[in-house]
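Asker: with the sequence up front, the predicted model follows.
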There are 2 protein chains.
Amino acid sequence: MKALIVEDDQFHATYLQDALAEALPEVTEIFHAADGVAGEEDARQGGIEAIVMDLQMDRRNGIEAARTIWAERPQSRILFWSNYADDAYLRGIAQIVPEDSAYGYVLKTASRDRLKLALRAVLIEGQIMVDREIHRRQKSGASLRTRLDDSEFAVLVDLALGLQDKLIAERQGMSLRTVQNRLLSLYEKLGVLSEFDDRLTLNKRVRALNRALVTRTINLETLEAAQRDLEAWLVDRS
Amino acid sequence: MKALIVEDDQFHATYLQDALAEALPEVTEIFHAADGVAGEEDARQGGIEAIVMDLQMDRRNGIEAARTIWAERPQSRILFWSNYADDAYLRGIAQIVPEDSAYGYVLKTASRDRLKLALRAVLIEGQIMVDREIHRRQKSGASLRTRLDDSEFAVLVDLALGLQDKLIAERQGMSLRTVQNRLLSLYEKLGVLSEFDDRLTLNKRVRALNRALVTRTINLETLEAAQRDLEAWLVDRS
DNA sequence: AGAGATGGTGCGGGTTCCCGCAACGGCTTT
DNA sequence: AAAGCCGTTGCGGGAACCCGCACCATCTCT
């Protein structure tokens, strides 16, 4: 069995390689790619089904690399391994994971044992495994009421790109007023007003983006990916 | 001589510790703190003047920790060691470094030799040393025309917080119209229009924040720090 | 079947934003 | 000293935004 590690930090890569060798004796060969592009290449060439993928990388981030890999071979098993428990990553992954594919999400701060467990569960057993730390953040009490649903999130992303209401309406297939209703609830859920409110009024759009970033609802990768989406959409529309 | 390492990633910390021991035989004792708060504490207690500081940390980031450390003992020598060459970090550091203090900025991707060189130059010789990679980004041709000056940057940060023109004017001691002029040049320099322009019009404020993030002119730490500044300012104003 | 809840839509108006135009002071250049 | 350049400021108006109010369709509960 062949495994692939996609990780741009040398220290983390060697640590991971060790853990992988320990946990999975059935692995005969370990490849290593230092960025997303190289990772896609290796996965394509090597006929690899077991992958451990870092999320933050320079040339192409883990989510995008995973998307193309899964597009080519949906049966690939991918364990994501990241420093952050950003909600943005969870959403990104949820959007691209194919039906019935095995994947997992482990934090780099997890213990070696937990990492090894996840490696076995996902890469060998084909299970789905998400670090409890992350799952907790996603569903926990307070955020249940304030968690964005999918259409709100889509509007948020468009807002973050700087699109105006009319454009968002067109992209999302909503009326102008509906977009504005979504924005209303976004402002509500992101806490755009609650902090200051009485003391000062602010620009809600910018504040919404600010809050979404600070609360890790979206991140830089989200923005960059959305930008590319937008450009493709613009070409289509013409 | 005592040295302090402030770094939350265990692998990087041990690597750094080794390099430090090799490069600086005059160091008799190496302390290690895993976040900014602990780092401040250690620096205060230990009477330490030589510090290597990571920038991205959970509890308190490197720039804020450095600010309080320098506030207490301006003669401290601090080498910043970071994954990123964000302009935002450079600005943050430039704002807090005391007159005549020694500091340096090295990327984690730098070779071990370059790291050791920087350790000696900054911590022992008291020089100022900035990784060429970073310096290049800061001054290089294209960005020279588009680099923000200090007042533009200040307005950008206020914009990013979601403040309205009037508030920014008050905070910056400008007239409303002047703030708007700054915004004009911000839009220009950040390339708010240049990309699409003809094809679609966008919300310039949000787009400005988006561009500033994508170009690494500001980052999450900037936003969080600015938020605290704003809160303090609001209390003062009353 | 009727009542209520939920979510989408149109209308209208108050506010903020964006920015062209013009005037004014301080600076350098000749 | 005159001319010219640059940053700051006020004015005004068109566009976008925010959002209360009202209406309608669908869905659910009794």
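Answerer: Thanks, I have it.

Asker: got the residues of chain A near chain B?
Answerer: Contact residues, chain A versus chain B (C-beta under 8 Å from any C-beta of the partner chain): A:9, A:11-12, A:15, A:108, A:159-164, A:167, A:192, A:196, A:199-207, A:209-210, A:213-214, A:220, A:223-224, A:227, A:234. All C-beta atoms are positioned from the backbone trio N, CA, C, and that covers glycine.

Asker: what is the burial count for A:R112?
Answerer: A:R112 has 12 neighbouring residues, counting by other C-beta atoms under 10 Å in any protein chain shown.

Asker: among the residues of chain A next to chain B, which ones are in strands?
Answerer: If you go by DSSP state E, the residues of chain A next to chain B have nothing in strands.

Asker: buried subset of the residues you listed?
Answerer: By neighbour count, with 16 or more other C-beta atoms under 10 Å in any protein chain shown, the residues of chain A next to chain B hold A:9, A:11-12, A:15, A:108, A:159-164, A:167, A:192, A:196, A:200, A:202-207, A:209-210, A:213, A:220, A:223, A:227 as buried.

Asker: so which of these are also by DNA strand C?
Answerer: Counting by C-beta under 7 Å from any atom of the strand, A:N203 from those sit close to DNA strand C.

Asker: so which of the buried ones among the residues of chain A next to chain B belong to helices?
Answerer: A:11-12, A:15, A:159-161, A:167, A:204-207, A:209-210, A:213, A:220, A:223, A:227 (DSSP state H).

Asker: flag the shaky bits of chain A, pLDDT-wise.
Answerer: Within chain A, the ranges that satisfy pLDDT under 70 run A:137-145, A:196-199, A:238.

Asker: most centrally placed residue in it?
Answerer: Of all residues in chain A, the one closest to the mean position by C-alpha atoms, centre = their mean is A:Y89, 2.3 Å from it.

Asker: what sits closest to that one if chain neighbours are left out?
Answerer: Distances taken as C-beta to C-beta, 6 or more residues apart in numbering or on different chains place A:L55 nearest to A:Y89, at 5.8 Å, with adjacent residues excluded.

Asker: same question for A:D158.
Answerer: Take A:D158 and drop its neighbours on the chain: the residue closest to it by C-beta to C-beta, 6+ apart is A:I168, 4.4 Å away.

Asker: before we move on, what SS does A:V27 have?
Answerer: Under DSSP: H, G, I helix; E, B strand; the rest coil, A:V27 falls in the coil class.

Asker: what residues are up against the residue nearest to A:R205 when sequence neighbours are not counted?
Answerer: With C-beta to C-beta, 6+ apart as the criterion, A:R205 has its nearest non-adjacent residue at 5.1 Å, and that residue is B:V206. Residues in contact with B:V206, defined by C-beta atoms under 8 Å, 6 or more residues apart in numbering or on different chains, are A:159-162, A:205-206, A:209.

Asker: can you narrow those to ones near DNA strand D?
Answerer: Among those, the residues lying close to DNA strand D (C-beta under 7 Å from any atom of the strand) are A:R205.

Asker: pull the most distant pair out of the contacts of B:V206.
Answerer: A:L161 and A:V206 (13.0 Å; C-beta to C-beta).

Asker: how far is stretch A:218-229 from where the chain is centred?
Answerer: 10 Å (C-alpha atoms, centre = their mean, to the nearest Å).

Asker: where exactly do the helices run in chain A?
Answerer: Remark: helices assigned in chain A by DSSP H are A:10-23, A:36-46, A:62-72, A:87-96, A:112-119, A:132-139, A:141-146, A:150-161, A:165-172, A:176-190, A:204-214, A:220-237.

Asker: make CSV out of these and add distance to B:H32.
Answerer: Formatted as CSV, the helices of chain A follow (distance: least, C-beta to C-beta, whole Å):
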stretch, distance to B:H32
helix A:10-23, 16
helix A:36-46, 32
helix A:62-72, 29
helix A:87-96, 29
helix A:112-119, 20
helix A:132-139, 24
helix A:141-146, 34
helix A:150-161, 38
helix A:165-172, 49
helix A:176-190, 37
helix A:204-214, 29
helix A:220-237, 29
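
Asker: how close does the one residue in chain A that gets nearest to DNA strand D sit to A:D158?
Answerer: In chain A, the residue that lies nearest DNA strand D is A:Q164 (3.3 Å; C-beta to the nearest atom of the strand). Look at A:Q164 and A:D158: by C-beta to C-beta, to the nearest Å, they are 9 Å apart.

Asker: what do you get for A:S185?
Answerer: 15 Å.

Asker: these two - which one has more neighbours?
Answerer: A side-by-side neighbour count of A:S185 and A:D158, using other C-beta under 10 Å, places A:D158 first with 23 against 15.
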